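Colleague: Got a predicted model here, sequence first, then my questions.
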Amino acid sequence: MRSKLKNKYGSGTSTILSGCSTVSTLTVNYTNTGATDTFSGIIGGTTVGTSRAIALTKSGNGVLSLTATNTYAGGTTINGGTIQITADSNLGTNASPLWRAAFAHPAKGITPVSSSDVGCGDLSPQIGITGTPVIDSSSGTLYVVAKTKEVRSGVTAFYQRLHALDLATLAEQSHSPLVVQASYPGTGAASSGGMVVFDPAQYKERAGLLLVNGTVYTAWASHCDIFPYTGWIIGYDGQTLAQTRVLNVVPNGSDGAIWQAGHRRSRSPRLRAACNGSSPRRRGALCWSASTNIPIRETNSKDASTMRS
């Protein structure tokens, strides 16, 4: 069967392919970048002449919006573009999550941080888990950072915690979670007594977590570049969550934060830029050691010092 989908926005091409006795995957190819195709019909059933459940594959650069309670049971694959849904049932009968973990407990006064709490709308309306988690397949552990707001005895405080979760159940490992805390020698922004101190309310862990040689790395930036702030990279032992590495990239200055939304730092063009010959005069440009993935040089327009380790 070949049929056109009604295109709600734009004029791209959308095609459904299925129904042949040798085909068990429904392929939706929508090629109009930046536009949305809405499909409200029910997708379900089995391949003609067989008992094989239909699967859905999305290709092309456009956005496919599914609005029906679909019944296909073969799973969903995205090879290009985006699938937009408003309910789990839009993705068929296998759409229910295998597991779910929540780090907010409103009854205990622990809630997500709102964008108004930090005076910034770059993450809205709530701030909780922002950076992409990382998985250690050898130990079956998922590492993730979550930000919360907690009210205790009438006092509001903000926390960043690194969680180590069992990949099969999402249960906390025995040494998890760990409250993120750090300090670094320096006289830069928000320093006191010759030390720059990490402020969990000020910072966001937007970059994807990185696991290298048993160390879990996190990187930090300020919400909306609101002052005062500096840039942090903090490493933890993957087995114990003991803090093993701390780097403040501008300890005697300001800015220099690391955001790199959604990417692991070892593959970030910005962090590797300073290794490609001359060091660029841009904020937060780091040089990483190819063998260890540890930053060994930093340049920043507001801190002329060069750091080495």
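Modeller: Ah, there it is. Everything quoted here is computed from the prediction, not taken from an experiment.
Colleague: count of residues packed around residue 215?
Modeller: By the criterion of other C-beta atoms under 10 Å, residue 215 has 16 neighbours. All C-beta atoms are positioned from the backbone trio N, CA, C, and that covers glycine.
Colleague: which residues touch it?
Modeller: Contact analysis of residue 215 by C-beta atoms under 8 Å, 6 or more residues apart in numbering lists 235-238, 244-245.
Colleague: Now a PyMOL select for only the buried ones of these.
Modeller: PyMOL command restricting these to the buried ones, with burial defined by 16 or more other C-beta atoms under 10 Å:
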select buried, resi 235+236+238
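Colleague: Quickly name whichever of the contacts of residue 215 is closest to residue 77.
Modeller: Within those, proximity to residue 77 (C-beta to C-beta) peaks at residue 238, which comes in at 30.3 Å.
Colleague: Would you mind measuring from the closest one to residue 81?
Modeller: Per C-beta to C-beta, to the nearest Å, residue 238 is found 34 Å from residue 81.
Colleague: For the contacts of residue 215, work out which two are farthest apart.
Modeller: Pairwise distances across the contacts of residue 215 peak at 12.3 Å for 238 and 245 (criterion: C-beta to C-beta).
Colleague: one step back: closest one of the contacts of residue 215 to residue 145?
Modeller: Nearest to residue 145 among these, counting by C-beta to C-beta, is residue 236 at 10.3 Å.
Colleague: if you skip the residues just before and after it, what's nearest to that closest one?
Modeller: The shortest distance from residue 236 to any non-neighbouring residue, by C-beta to C-beta, 6 or more residues apart in numbering, is to residue 216 (4.8 Å).
Colleague: my read: that neighbour touches residue 239, true?
Modeller: No. Taking contacts as C-beta atoms under 8 Å, residue 216 lies outside contact range of residue 239: 10.0 Å.
Colleague: of these two, who's got more company?
Modeller: Using other C-beta under 10 Å, the more surrounded residue of residue 216 and residue 239 is residue 216, with 24 against 14.
Colleague: which SSE is the more buried one in?
Modeller: Per DSSP states H and E: residue 216 is located in strand 215-222.
Colleague: downstream neighbour of that strand in the secondary structure list?
Modeller: That would be, after strand 215-222 and using DSSP H and E, strand 232-237.
Colleague: and that next one, how far from the chain's centre?
Modeller: 17 Å (C-alpha atoms, centre = their mean, to the nearest Å).
Colleague: Residue 156 contacts residue 113, doesn't it?
Modeller: No. Assessed by C-beta under 8 Å, residue 156 is found out of contact with residue 113, at 10.4 Å.
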